[in-house]
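Asker: Model the following, please.
(2 chains)
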2 protein chains.
Amino acid sequence: MDLWWTETQTPSLRLGLRCSAVVTRARSAYQEVAVLETEQYGRLLALDGAVMTTEADEFVYHEMLVHPAMVACARPRSVLVVGGGDGGAVREVLRHPAVERVVLAELDPLVVDVSRAHLPGIAGRIGDPRVAVCPGDGALFLRGAPDAAFDVVLVDAPDPVGPAEVLFSGGLFAEAARVLAPGGVLVLQTESPFLHAGLIRTVQERLAASFPLVRLYWAVVPTYPGAMWTFSLASRGADPLAPGAPERGGALPTRYWSPEVHRAAFVLPPFVRALLSERGHAAAEPGGARP
Amino acid sequence: MDLWWTETQTPSLRLGLRCSAVVTRARSAYQEVAVLETEQYGRLLALDGAVMTTEADEFVYHEMLVHPAMVACARPRSVLVVGGGDGGAVREVLRHPAVERVVLAELDPLVVDVSRAHLPGIAGRIGDPRVAVCPGDGALFLRGAPDAAFDVVLVDAPDPVGPAEVLFSGGLFAEAARVLAPGGVLVLQTESPFLHAGLIRTVQERLAASFPLVRLYWAVVPTYPGAMWTFSLASRGADPLAPGAPERGGALPTRYWSPEVHRAAFVLPPFVRALLSERGHAAAEPGGARP
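Answerer: Predicted structure coming up:
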């Protein structure tokens, strides 16, 4: 059987993966949640037909979403993950021995259930006693959270369309600043400079309205559109590039992140630096935004 | 019209690009040479259905193939490009003021002709008086070249299958070592650690048989299979990481390479370091080699 799963990553760009099986496929109130067995990249979690994560490259995304913030924070005890229902971010957070509490504020409980059932290597730590799963709207959760409740907030959101759009808004960043303890750090994924230069620039500008320190870093995630994937980090002063910060994670059992990779990830190619400084620049987005 | 071009990157992985036009399509003695107008990444050069380069991300590949070797070499006057018929490597080589002579040893003259006609932004410097186009087999050219004739040899080859396979052989590396002047540097592209771990390891081992200094570095090229793209560099001692080496290129008008990106590109994630040291390791290649 020649079975192919295809993601239309933008109106002009597709990723195709040959599959040996559809492991599960179900519809929640929010979206279609599917797990496929791909030959190239192992099991794949897809939400509404878009790759959320694959077994072969999830380690890059999850390590790079989590560890830069965790080592920037001197003692990360309390962590909020907004989105992230596959559990990969939670797994990486729990590698840090200071962690006492992780709140997983995922909109769709079906994502958590499917991931725990079919992606144990990614979701296997959601059952840790330090983890509280709080199904629901991440933006609402943030609004209801007390001041200074978290040391690290990680926004592990899908593309900024539909219900996830609010997670990239200035209002959300102001709430994140409020719920972060002094010395706390916010990180969110901000897509690819090859496809979404405007989003990266907008998020960086919005973060600067609520945080004095804003940085951009990147990693390569082969199954994500554009593959060069950026993360935006913001804090009231805690700096991932402070002397000694990355070395706090020197003993982590990582496959992509390391203290040296950490520093290298903040080195931006000139074309990325240029897109951050240009206003109204749209040349890097000929194919438009994701559908 | 909903027109899609698809590359089967491995037997289990596909890239699809929406096209507005087929600019040209012709068959040489060696392969089908096509240029398509894609909506996402601009014009695309395809050889036998595989992406060679696109206007949107060629700068990453060509800058990163060329500049690390050129700055590692104290005074690169004479440069050999094996393959590279699209002219992108030649363009970057000519940005270095010391260059007096560039030999472009491309197997297929049609690639050069089509690129000059339809990809002027990439191929536009092939007509420079310092450039000699020598159509023919790159391995044969190397064998006939005098000792110590070149300061830099760049192997800008397609995947190591069919006629290009010889360009990744130990015999070729020994010839390259012979034709390099003292202080000279060899670089070749060595595919993605997500898909071709075995090739990277094999090439690094073969290079070590002819060169005392061998290094691996990487960049992100969204349209290449696996997107995380490696380059193997070898020399008799000239070191791209020597103090002051990257700064030799500080004035280059680049979009991806910079002295800081140069240093960061040699920082390898732990999973890449691991694949270099493991023998017989094949876990990173579930989908097999490219067809």
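Asker: Quickly list the domain ranges of chain A.
Answerer: A:3-54, A:58-277 (automatic domain parsing).
Asker: just those: most buried one?
Answerer: The highest mean neighbour count among the domains of chain A, using mean count of other Cβ atoms under 10 Å in any protein chain shown, belongs to domain A:58-277: a mean of 21. C-betas here are computed from N, CA, C, even on glycine.
Asker: Is that one in proximity to chain B?
Answerer: Yes. Interface with chain B: domain A:58-277 contributes A:59-60, A:192, A:194-195, A:220-222, A:226-228, A:254-258, A:260-261, A:263-265, A:267-271, A:274 (Cβ under 8 Å from any Cβ of the partner chain).
Asker: Take the residues you listed and keep only those in strands.
Answerer: If you go by DSSP state E, the residues of domain A:58-277 next to chain B have A:220, A:228 in strands.
Asker: hmm, back to that, format the domains of chain A as a markdown table; extra columns: distance to residue B:31 and mean pLDDT.
Answerer: Converted to a markdown table, the domains of chain A look like this (distance: least, Cβ to Cβ, whole Å; pLDDT from 0 to 100):
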| stretch | distance to residue B:31 | mean pLDDT |
| --- | --- | --- |
| domain A:3-54 | 23 | 97 |
| domain A:58-277 | 26 | 96 |
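Asker: quick one: contacts for the nearest residue to residue A:121 once chain neighbours are set aside?
Answerer: Leaving aside its sequence neighbours, residue A:121 sits nearest to residue A:55 (Cβ to Cβ, 6 or more residues apart in numbering or on different chains; 6.4 Å). In this structure, residue A:55 makes contact with A:41, A:42, A:43, A:44, A:119, A:121, A:122, judged by Cβ atoms under 8 Å, 6 or more residues apart in numbering or on different chains.
Asker: Run through who's touching stretch A:29-40.
Answerer: Applying Cβ under 8 Å, 6+ apart, the contact partners of stretch A:29-40 are A:5, A:17-27, A:43-49, A:54, A:56, A:107-108, A:110-111, A:114, A:118-119, A:163, B:10-13, B:195, B:286-287.
Asker: and residue A:239, which of the three is it?
Answerer: Of the three states, residue A:239 takes coil according to DSSP: H, G, I helix; E, B strand; the rest coil.
Asker: rewinding a little: and the domains of chain A as TSV, adding distance to residue B:83?
Answerer: Formatted as TSV, the domains of chain A follow (distance: least, Cβ to Cβ, whole Å):
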stretch	distance to residue B:83
domain A:3-54	26
domain A:58-277	23
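Asker: Can you say which of those is nearest to residue B:145?
Answerer: Minimum separation from residue B:145 across these (Cβ to Cβ) falls at domain A:58-277, 34.1 Å.
Asker: Between the two ends of that closest one, what distance do you get?
Answerer: Start-to-end span of domain A:58-277 (Cα to Cα, to the nearest Å) is 30 Å.
Asker: With stretch A:228-243 instead?
Answerer: From its first residue to its last, stretch A:228-243 covers 26 Å (Cα to Cα).
Asker: quick one: that stretch to chain centroid distance?
Answerer: 14 Å (Cα atoms, centre = their mean, to the nearest Å).
Asker: What of stretch A:89-103?
Answerer: For stretch A:89-103, the distance to the chain centre is 15 Å (Cα atoms, centre = their mean).
Asker: What segments of chain A are strands?
Answerer: All strands of chain A, identified by DSSP E, fall at A:3-10, A:13-27, A:32-38, A:42-47, A:50-54, A:78-83, A:101-105, A:131-133, A:150-156, A:180-189, A:213-220, A:228-235.
Asker: Who are the contact partners of the closest residue to residue A:265 other than its chain neighbours?
Answerer: Leaving aside its chain neighbours, residue A:265 sits nearest to residue A:217 (4.2 Å; criterion: Cβ to Cβ, 6+ apart). Taking Cβ under 8 Å, 6+ apart, we find residue A:217 in contact with A:64, A:68, A:230, A:231, A:233, A:240, A:265, A:266, A:268.
Asker: Identify the residues contacting residue A:4.
Answerer: Going by Cβ under 8 Å, 6+ apart, residue A:4 touches A:16, A:17, A:18, A:19, B:14.
Asker: hang on, the earlier thing: for residue B:204, find the nearest of the domains of chain A.
Answerer: Taking the domains of chain A one by one with Cβ to Cβ, domain A:58-277 is closest: 19.1 Å.
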